[in-house]
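Peer 1: Got a predicted structure here, sequence first:
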Amino acid sequence: MSENVASFYLMVVVAMSDHELHDREAIEIKEIANKYKIDFDPYEAAFEIKSHYKNDFNKACDYYMSVIQNTDLQKDTIEFIKNVIYSDKKIRDSEMEILEKCRKKWGYEEV
């Protein structure tokens, strides 16, 4: 899996962390993908994540974070995750926990 694709899967994990991929979150992820000319279906990714990881979002998060090694992409991914979190106007603790986990693992002081 490429780092770019892992970044999008990580966004889907954040969106699913409340056990549901909301339409506004999926639209935000799709818009980010379109901006970078990446063909990505968040619903298909959500199905794959759920099939492979069940509801173990921490394990999924750890895997996708480990794939993303490029520091510029890590920084961009954090920004993308913020956009996904804010897209449905409901900030959930589970989403913020993953954002914080990424920030700490990748060494970013501010989120």
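Peer 2: That came in fine, so what should we check first? Numbering: from 1, shown residues only.

Peer 1: Let me see the ranges of the helices in this structure.
Peer 2: Remark: helices assigned in the chain by DSSP state H are 3-16, 23-35, 42-53, 57-67, 71-87, 93-106.

Peer 1: which of those sits most buried?
Peer 2: Comparing these on average neighbours per residue, with mean count of other CB atoms under 10 Å, the densest one is helix 3-16 at a mean of 23. Backbone N, C-alpha and C define where each C-beta goes, glycine included.

Peer 1: can you state the direction angle for it and helix 57-67?
Peer 2: With axes from the mean of the first three to the mean of the last three CA atoms, to 10 degrees defining the directions, helix 3-16 sits at 160 degrees from helix 57-67.

Peer 1: Please name every helix or strand in contact with helix 3-16.
Peer 2: Packed against helix 3-16 by the contact rule (3 or more CB pairs under 8 Å, 6 or more residues apart in numbering; DSSP states H and E) you find helix 23-35, helix 42-53, helix 57-67, helix 71-87, helix 93-106.
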